[in-house]
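Novice: sequence first, predicted model second:
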Amino acid sequence: MTEQVTIIGAGIVGICCALSLQERGIQVRLIDRGEPGQETSFGNAGVVSPWSIIPQAMPGIWKMLPKMLLDPKSALSVRPSFWPKMIPWGLRFLGNSGEKTVREVSDAMEVLCRPSVDLYRRHLHGTGHENLITDSYYIHAFRRPEQADLDGLGYLIRREKGGDLERVDGDELRRLEPAMSEAFKGAIVIKGQARVTAPGRVGAVLAEKAQVQGAEIVQTEVTKLTPAEEGGWQIATAQDTLTASHVVLAAGVWSADLLKPLGLPMPLVAERGYHVEFPTPAVELNNSVMDVDAKVVASSMLGGLRVAGTAEFGSADAPADPRKKQILSRQAKAMMPELDTDEARFWMGRRPSFPDSLPAIGHLKDQEGLYAAFGHSHYGLMMAPKTGELVADIVLDRIPNIDLAPYTPTRF
């Protein structure tokens, strides 16, 4: 194969697809309306976790949902106008919460997440920015010590798969992280992790590497994807119409809009996430830390201390909810009492989420030369490098030695 592959979407998934295709000798073109890596990929918590292999739908979650939805400070909210779409998606989500399904999904997540640290280091090698990824623990902190339970299903699955986890008390937590509040009485420390200290910068650096290696980067908005009569694809953009024989769709939540006219509806929703970043925090974290009660993750970054979280279901183009800034700032202060919360920077992004926490990866049915690489929900940063490897092999008709069925775009 000598043709150029066009990738729609230059977030971290699209960039990793480009790098993996280039490693196999394929020319690539990346199309995105914005700068590479500066949309959804920009705002995550920076955790690169080989052990983030537990789906969002877990046994018993249905008992927690009413309380979460009624609490305005909760990590979960649904825009009123979104309920007609939310109900069928939510029922599918709850249908995946049985232990048998959780274990099957976890197996599929493991394939994508486990090699993430090594693959990022390989991609960053030679860029001069290798220090953007650093070894780290991922600490789950609890106010109620009994909740720090290594036999809980999520932690049990990780340990069964070889994860190195340790339960610590509040004093040991504060030895690891002196900035943490004394309200936290226990924690689970997940070892063998890493974190990136500037997610947006990682995207920019890797996109620049792809460009140096010959990638064409086109900044424009794709408006329509149409099969060409002579084969291949016509890509209508805000400027003109491009052609491509092979297209990888990695446009996150916007992928569904491009597929709908092709008769390919997808249960893909915008699970909107927010962060606040404090440029002069006065405290520092040595690792990534999750406040499990609030479901927010804090991490020290090059731009300050970032606290990211929440799952707000709503239209992708709805404006940000300004109330989230104050809620997240208060949660950050509750985690780290000495944190300076002045001059907080506020951000909102749109996670592309399927009801089973798995992405769509692979050839799209009856659409010659069109491939899916979207729907990574909370796990995009972890899953992106392996997704790139799989997509590159699939485009080249090299069948990976793994079961691709869990990621098939037609599984719903």
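Specialist: Arrived safely.
Novice: where do the helices sit along the stretch 1-150 of the chain?
Specialist: In the stretch 1-150 of the chain, the helices defined using DSSP state H, counting those that start in this stretch lie at 12-23, 61-70, 83-95, 99-113, 116-124.
Novice: what mean pLDDT does the fourth one get?
Specialist: If I follow you right, that is helix 99-113. For helix 99-113, mean pLDDT rounds to 98.
Novice: repeat that for the first one.
Specialist: Mean per-residue pLDDT for helix 12-23: 98.
Novice: name the helices or strands packed onto that helix?
Specialist: Packing contacts for helix 12-23, counted by 3 or more Cβ pairs under 8 Å, 6 or more residues apart in numbering; DSSP states H and E, involve strand 5-8, strand 28-32, helix 116-124, helix 199-212, strand 370-374, helix 380-395. No exception for glycine: its C-beta is placed from N, CA and C like everyone else's.
Novice: buried residues in whichever strand or helix holds Pro352?
Specialist: Secondary-structure assignment from DSSP states H and E places Pro352 in strand 345-353. By neighbour count with 16 or more other Cβ atoms under 10 Å, strand 345-353 contains the buried residues Trp347, Met348, Gly349, Arg350, Arg351, Pro352, Ser353.
Novice: so which of the residues you listed comes closest to Ala198?
Specialist: Of all the buried residues of strand 345-353, Ala198 sits closest to Trp347, with 13.4 Å by Cβ to Cβ.
Novice: picking that back up, out of the helices and strands packed on helix 12-23, the one nearest Lys191 is which?
Specialist: Nearest of these (Cβ to Cβ): helix 116-124, 12.0 Å.
Novice: buried stuff in that closest one?
Specialist: Here helix 116-124 shows Ser116, Val117, Leu119, Tyr120, His123, Leu124 as buried, counting by 16+ other Cβ under 10 Å.
Novice: state the mean pLDDT of stretch 51-71.
Specialist: 93.
Novice: to clarify, my last question referred to stretch 239-253.
Specialist: 96.
Novice: distance of Leu176 from Ile235?
Specialist: Taken as Cβ to Cβ, to the nearest Å, the spacing of Leu176 relative to Ile235 amounts to 49 Å.
Novice: next one: Lys191
Specialist: Going from Lys191 to Ile235 by Cβ to Cβ gives 44 Å.
Novice: same thing with Pro80?
Specialist: Distance from Pro80 to Ile235, by Cβ to Cβ: 35 Å.
Novice: more neighbours: which of these two?
Specialist: Comparing Pro80 with Ile235 by other Cβ atoms under 10 Å, the one with more neighbours is Ile235, at 24 against 7.
Novice: any idea which element that one lies in?
Specialist: In this assignment (DSSP H and E), Ile235 forms part of strand 233-237.
Novice: that strand pairs with which strands?
Specialist: Strand 233-237 sits in its sheet next to strand 222-227 (antiparallel), strand 241-244 (antiparallel), going by DSSP bridges.
Novice: which parts of that strand are buried?
Specialist: For strand 233-237, using 16+ other Cβ under 10 Å, the buried residues are Trp233, Ile235, Thr237.
Novice: pLDDT score for the second one?
Specialist: Confidence per residue is given as pLDDT, and for Ile235 that number is 98.
Novice: hang on, the earlier thing: I'd like the helices and strands packed on helix 12-23 written out as JSON lines, with mean pLDDT and distance to Asp107 added.
Specialist: Shown next, in JSON lines, are the helices and strands packed on helix 12-23 (pLDDT from 0 to 100; distance: least, Cβ to Cβ, whole Å):
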{"stretch": "strand 5-8", "mean pLDDT": "98", "distance to Asp107": "28"}
{"stretch": "strand 28-32", "mean pLDDT": "98", "distance to Asp107": "30"}
{"stretch": "helix 116-124", "mean pLDDT": "98", "distance to Asp107": "16"}
{"stretch": "helix 199-212", "mean pLDDT": "98", "distance to Asp107": "27"}
{"stretch": "strand 370-374", "mean pLDDT": "98", "distance to Asp107": "20"}
{"stretch": "helix 380-395", "mean pLDDT": "97", "distance to Asp107": "14"}
